[in-house]
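Engineer: Need a 3D model of the sequence below.
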Amino acid sequence: MTSSEASSEQTARHLMRSQDWGTLATAMPMDGHPYASLVLVAADYDASPILLMSDLAEHAKNIAADDRVSLLFDGTRGLPSPLTGARLSVQGRARRNNDDRLRRRFLARHEDAQGYADFGDFAFYQLVVERGHLVAGFGKIEWLDRDDLLFSAGNGADLNEMDKWEAGAVTHMNADHKDSIQNYAQNLLGARGGYSGDDGV
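Structural biologist: Numbers count the residues shown, from 1 in each chain. I've put the predicted structure just below:
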């Protein structure tokens, strides 16, 4: 599916799940002035953003006083005319959450963070999504509700159950279905090249 064929909800969720970093806006306690900073981002199974921040950082101090935040996902990098690209500002509340699941998902996305994730001043946060503002190009602008931005398993299923079998599924696919992974990479992600042996695609 091309970007022009994707729905607003699909475009927004793709931005939330594909970007490795975002711009976090918080409010400074002294005067409420906006403070924007660069943060690494990972996504939970439902696409909720996961952050790892130091208590010493200004944005963490701001969140301790007021947990309302906005997180910008920028999909315009590399475009000759950035204003034609998609970007999404997600509004919600940043809540400390040191659940092992969030830790595993963040560190799987950002392996370098292993070196400081256990420092005493660092903590994981999950953004409790409230709504988002999507700009997908000129004239393609709209607000999206929480339910439009997050995945739902449906039928009362719990997306968190995926954590129990994810590692095994990944190991199985890597070991026994390399050709399928190549198809996914090429047809869904637009990757080039092919599988070349035990070292992977």
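Engineer: only C-alpha atoms for contact and neighbour calcs from this point on.
Structural biologist: Fine.
Engineer: Setting aside sequence neighbours, what's the nearest residue to residue 141?
Structural biologist: Leaving out its chain neighbours, the residue that sits closest to residue 141 by Cα to Cα, 6 or more residues apart in numbering is residue 135, at 4.5 Å.
Engineer: Would you confirm that the one you found contacts residue 88?
Structural biologist: Yes: in terms of Cα atoms under 8 Å, residue 135 counts as a neighbour of residue 88; the distance is 6.3 Å.
Engineer: which stretches of the protein aren't confidently modelled?
Structural biologist: Scanning the chain with the threshold set as pLDDT under 70 gives 1-4, 153-172, 176-177, 189, 194-201.
Engineer: all helices of it, in order?
Structural biologist: Under the criterion DSSP state H, helices of the chain are mapped to 8-18, 58-65, 100-109, 146-149, 162-176, 178-187.
Engineer: who's in contact with the fourth one?
Structural biologist: With Cα atoms under 8 Å, 6 or more residues apart in numbering as the test, helix 146-149 has contacts from 9, 12-13, 47, 129-132.
Engineer: next one: the third one
Structural biologist: Applying Cα under 8 Å, 6+ apart, the set of residues contacting helix 100-109 from outside is 20, 41-44, 50-52, 113-114, 124, 126, 163.
Engineer: Of residue 135 and residue 88, which one has the most company?
Structural biologist: Comparing residue 135 with residue 88 by other Cα atoms under 10 Å, the one with more neighbours is residue 88, at 26 against 21.
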